[in-house]
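Q: Sequence and predicted model, in that order:
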Amino acid sequence: LDLYMQTASNEATPVTSEDVMDIDGPCFDADAYLDMLMNREGMDELVRHNRQLQREVQKYDGQMKKLVHDNYQNFIAATDTTHQMKERVADMDEEMARLRAGMESLDSLSQAVETTLAQHRATVEHLSDVSRLLESRQFLFELPQRLTAAVELGAYAQAVQYYHRTAGILRKYNHLSSFQQILDACEHTVEQLRDRLRSIVANEETPSSEVTENIRLLLDLNESPARLRDEFLQRRGRHIEQALAEFEQMVSTLQEAAARQDSGSPGSPLESSGENVEDGKEAAPEDVTQSSDVVSFISELNMSFLSSLLEVIQGYRALFMSASRSTTSQRAAAVDLDAFVEKLFSSFLGITRSRLDCCTDAAQLIRDSLGLLQDAAQLIRALEVLHRNLGNMAIQVPSLNAIERGERITGATLQQHIESSYFTLQADVDRAIENLAKVASLWDSAPGRKTEQREADPSGTIQLASRSIELCVRRYIRGLRPLASLQREGPSGFLGRYREGLIVKLSVKLQQLFLYLSDISEQERLIDTSHTALLMCARVFLNLERTGVRRTHAMLEDSSVAAAEHFNVEAVRSQLQTATQALLSRYVTAQGSKVSQLLYKGIQLHDWLHLSKAPRAVRPAMDVVLRQLFELADVIQECFGDSPPRHRRTASHTSFDIRRIEASRITSSTIINGVVALVLRSFCECVRQQTFSECGFQQIQVDAYYTALVLPHLSDDSAPLLALQKRVLESAAERALLPTSLPQSIVEKICRPKYDKAFPQPEESKQEAALQESQPIA
């Protein structure tokens with residue numbers, strides 16, 4: 001059945017199998033096959049095999065029925081088609097007979113026409129050749145007049161075309177006098193044409209398109225290509241250089257304006273936006289710098305320069321580097337073109353870099369994060385425009401390496417923008433510190449006055465300075481967010497490669513800022529301004545160390561900059577702690593030395609060896625020293641009054657060296673103790689340099705006792721100071737000829753009235769003091 005169903009074009013070869021067990025073969029033996037099955041298979045297998053054979057038989061029966069039905073339908077259709085063909089073939093014979101008769105008639109007529117015209121064909125062809133020859137000779141005889149007329153009418157291209165069509169023939173037959181005369185006349189006219197074309201090319205007012213066309217005509221007239229190349233490049237180069245000079249002048253104007261604006265730039269945020277800083281808000285932009293039009297400048301520069309340069313390149317290649325020129329001429333033309341393009345392109349890149357530098361320099365004049373944000377966004381757009389246009393230039397002139405050179409400018413510009421933004425941040429921090437020093441000077445200008453009577457408020461100034469520095473850092477981070485958020489997809493995808501480096505540089509600059517703040521502690525300008533400036537600046541650093549650094553790190557985490565991982569919080573805090581300790585140490589040393597000078601003078605003015613009167617009061621010199629210490633305590637308390645709870649220590653565990661005390665444990669008492677300790681040590685040294693009589697030793701006893709009474713009012717942690725005060729009295733006893741101490745009651749009678757007058761106390765406090773005084777101090 002399968003063999004029967006195959007088409008005639010794909011007939012299968014007959015089966016040649018001779019296996020008697022092959023059920024599909026021609027040699028199949030049913031009895032042998034059945035015996036084989038009965039011997040090999042069991043009952044179940046025989047039943048299953050029987051069912052399989054029945055299914056195959058049913059399948060083949062169905063296929064055979066379907067085949068018979070389909071063939072019957074095809075047979076009916078073939079019969080109908082045969083009847084239709086028989087009916088139409090009869091009419092076709094008649095049509096073919098009529099067509100044959102028409103073709104025979106057309107053939108006879110064609111032969112008759114061919115016979116009639118054959119005798120005149122040769123004559124017509126001869127006359128046609130003679131007519132063309134006469135027209136050519138007539139054109140040659142009229143050629144000088146035609147050339148002259150075309151030159152006079154300005155149809156230079158037509159004149160060159162006439163000359164090229166006839167020059168070969170005239171030179172070929174120049175042995176004939178008539179042809180030689182025509183050739184001479186044409187050469188004379190063509191030379192005049194060359195002179196006219198040269199003058200047009202040399203004229204500066206001639207349009208560029210007309211210059212190009214005239215150079216092409218000169219080349220067709222066999223003018224020297226080298227001279228024409230120089231003329232073409234010089235002429236077109238001057239126009240491009242003039243356009244570049246205009247843009248360069250615009251950049252110079254912007255640089256001068258930036259210099260003038262920088263010289264009159266606004267003050268620090270403390271002075272210009274104090275109200276907004278107090279509220280923790282950023283100032284609105286009051287003035288948009290020149291950087292806002294950098295995109296339009298770059299676009300106009302690219303459109304003017306690159307389009308003009310590409311036009312020159314295309315025109316130059318069409319004139320001097322076409323396939324019709326020799327290989328040597330093309331190579332020389334390529335060398336000249338490369339030198340020309342390199343010169344102009346270098347000037348273009350220089351102007352572009354200068355303009356981008358103006359944009360980055362302008363960042364130093366922006367005092368708000370919105371301005372810095374706009375500036376960075378404008379810069380990115382300008383770099384996108386530059387990159388896109390340089391890509392087109394790289395396709396036209398691969399030898400320029402336009403993409404690589406543009407990438408170098410892009411990287412340098414982005415780095416410079418971060419540097420300029422940092423300089424702005426640093427300048428604002430400097431102004432904040434300078435303003436703080438001014439407030440400190442105002443505080444020192446009115447010594448002895450109460451806090452509410454002074455013109456300046458140190459605590460408010462400290463808080464304002466701390467917030468101002470944090471605000472400047474916030475502006476810096478937000479302003480550089482577009483640069484550090486660059487991705488490798490989108491129009492600015494080519495800038496994505498710089499993202500990691502910019503993030504690292506941003507973090508480094510922030511850490512550099514805090515390092516710069518730490519370096520202020522080593523500068524002398526704060527001491528030159530005021531000792532109080534050291535104290536206030538130390539408090540600002542302490543605020544930054546405790547809260548400002550963490551806030552900066554939080555801003556880096558919250559923003560899209562993703563630079564927090566590069567910001568070492570602990571290292572920055574350690575730097576600020578060291579700077580705070582250094583400032584406070586300098587303050588304690590300076591103020592302790594200042595008060596010690598007063599104490600030294602008070603001791604040196606007395607003749608302690610010959611003092612013969614018993615003490616009746618505390619010396620006025622001690623009043624001056626103690627009054628000075630109380631004034632310093634007021635300033636210190638004003639600056640560090642909001643310190644955390646004091647950590648009291650015993651004398652044996654207390655260090656008066658600020659550098660050895662942790663910044664987190666520095667309080668107003670710590671600072672006061674440092675100053676007083678330095679004064680008491682100086683007191684002890686001064687005593688050791690003197691020799692005391694009995695009355696002189698007793699006067700020192702009175703002064704030391706009164707100092708011991710006053711010390712608790714200077715510091716909350718006066719126990720270490722009392723130990724130093726005891727050492728003063730011991731040193732005086734060592735230097736006395738007769739160290740006889742006054743009775744405690746007499747010392748108390750001398751010092752108590754002065755103490756009660758200076759420090760009035762309630763009755764309960766007086767009783768507690770009486771109990772404490774029952775124990776002798778000296």
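A: Received, thanks. Numbers count the residues shown, from 1 in each chain.

Q: Confirm Ser466 sits in a strand?
A: No - under DSSP: H, G, I helix; E, B strand; the rest coil, Ser466 sits outside any strand and is assigned helix.

Q: quick one: it and Lys509, what's the gap?
A: Taking Cβ to Cβ, to the nearest Å as the measure, Ser466 falls 20 Å from Lys509. The way it works is simple: take the backbone N, C-alpha and C, and place the C-beta from them, glycine included.

Q: can you check Phe297 too?
A: Taken as Cβ to Cβ, the span from Phe297 to Lys509 is 27 Å.

Q: Let me see the ranges of the helices in the stretch 301-450 of the chain.
A: Listed in chain order, the helices of the stretch 301-450 of the chain (DSSP state H, counting those that start in this stretch) span 327-362, 369-396, 402-444.

Q: Helix 369-396 and the longest one, what's the angle between them?
A: For the pair helix 402-444 and helix 369-396, the angle between their directions (axes from the mean of the first three to the mean of the last three Cα atoms, to 10 degrees) equals 160 degrees.

Q: by contact count, what packs against helix 402-444?
A: The helices and strands touching helix 402-444, judged by 3 or more Cβ pairs under 8 Å, 6 or more residues apart in numbering; DSSP states H and E, are helix 269-272, helix 327-362, helix 369-396, helix 458-479, helix 481-484, helix 499-520, helix 525-529, helix 531-543.

Q: now the ones you listed as JSON lines including mean pLDDT?
A: Listed next are these as JSON lines, based on pLDDT from 0 to 100:
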{"stretch": "helix 269-272", "mean pLDDT": "44"}
{"stretch": "helix 327-362", "mean pLDDT": "84"}
{"stretch": "helix 369-396", "mean pLDDT": "74"}
{"stretch": "helix 458-479", "mean pLDDT": "81"}
{"stretch": "helix 481-484", "mean pLDDT": "70"}
{"stretch": "helix 499-520", "mean pLDDT": "79"}
{"stretch": "helix 525-529", "mean pLDDT": "54"}
{"stretch": "helix 531-543", "mean pLDDT": "84"}
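
Q: of all those, which lies closest to Cys186?
A: For these, proximity to Cys186 was assessed by Cβ to Cβ; helix 327-362 is nearest, at 26.0 Å.

Q: What is that closest one packed up against?
A: Checking 3+ Cβ pairs under 8 Å, 6+ apart, helix 327-362 ends up next to helix 225-263, helix 294-320, helix 369-396, helix 402-444.

Q: In TSV, list those helices along with distance to Phe541 and mean neighbour count.
A: Output for the helices and strands packed on helix 327-362, formatted as TSV (distance: least, Cβ to Cβ, whole Å; neighbours: other Cβ atoms under 10 Å):
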stretch	distance to Phe541	mean neighbour count
helix 225-263	29	15
helix 294-320	38	18
helix 369-396	24	20
helix 402-444	10	20
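
Q: low-scoring stretches of the stretch 601-750 of the chain, by residue?
A: 642-664 (pLDDT under 70).

Q: Now with 50, please.
A: Within the stretch 601-750 of the chain, the stretches with pLDDT under 50 are 642-654.

Q: need the helices for it, in chain order.
A: Counting by DSSP H, counting those that start in this stretch, the helices of the stretch 601-750 of the chain are 620-640, 668-688, 694-714, 719-734, 744-758.

Q: now the first one against helix 402-444, angle please.
A: Relative orientation of helix 620-640 versus helix 402-444 (the same axes, to 10 degrees): 140 degrees.
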